[in-house]
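*Asks:* could you look at this predicted model? Sequence included:
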Amino acid sequence: WRARRRRRGFEEMVASEKVAAALRGAQETSDQKGRVEAFCKAIDVAVEPGTSTVYEDCAEIIHQVLSPEVSQWVSRDALHHLGSSLVKVEKGVRQKIAEQ
């Protein structure tokens, strides 16, 4: 049990690090297509099955996507991808994200 618990904690940390890395990529990219792709990659990592940091990761993605530095076109495409990806998320978590 302990080994599984430690392993699970490691996987949670890695998932959040992957999301953070994808978000950094979105910030470092200047073209709109690259930013959309980076945000979509972060969303895909955040909603992977078995990830327990889905809410926190999605909240951070939403925060960054809606920042004034992101164009409305990029925001629209990223939020559309997020909306279509939420079917992979447990209903209770999906509702919390929707209330965000």
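*Replies:* Alright, I've got the coordinates.

*Asks:* quick one: the helices in this protein, in order.
*Replies:* 2-28, 32-46, 54-65, 72-85, 91-99 (DSSP state H).

*Asks:* okay, those helices in JSON lines with mean neighbour count and mean pLDDT next?
*Replies:* All C-beta spots, glycine's among them, are computed from the backbone N, C-alpha and C. As requested, the helices of the chain are arranged in JSON lines below (neighbours: other CB atoms under 10 Å; pLDDT from 0 to 100):
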{"stretch": "helix 2-28", "mean neighbour count": "14", "mean pLDDT": "66"}
{"stretch": "helix 32-46", "mean neighbour count": "20", "mean pLDDT": "95"}
{"stretch": "helix 54-65", "mean neighbour count": "20", "mean pLDDT": "93"}
{"stretch": "helix 72-85", "mean neighbour count": "16", "mean pLDDT": "96"}
{"stretch": "helix 91-99", "mean neighbour count": "13", "mean pLDDT": "89"}
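
*Asks:* for Thr29, give me phi and psi.
*Replies:* Dihedral angles phi and psi of Thr29 (degrees, to the nearest 10) take the values phi -90, psi 140.

*Asks:* nearest spatial neighbour of it, chain-adjacent residues omitted?
*Replies:* In space, and not counting its chain neighbours, Thr29 is closest to Arg35: 5.1 Å by CB to CB, 6 or more residues apart in numbering.

*Asks:* got it, and Ala26?
*Replies:* Nearest to Ala26 is Ala38, by CB to CB, 6+ apart, at 3.6 Å.

*Asks:* hmm, the one you found is touching Leu23, no?
*Replies:* Yes - assessed by CB atoms under 8 Å, Ala38 is found in contact with Leu23 at 7.3 Å.
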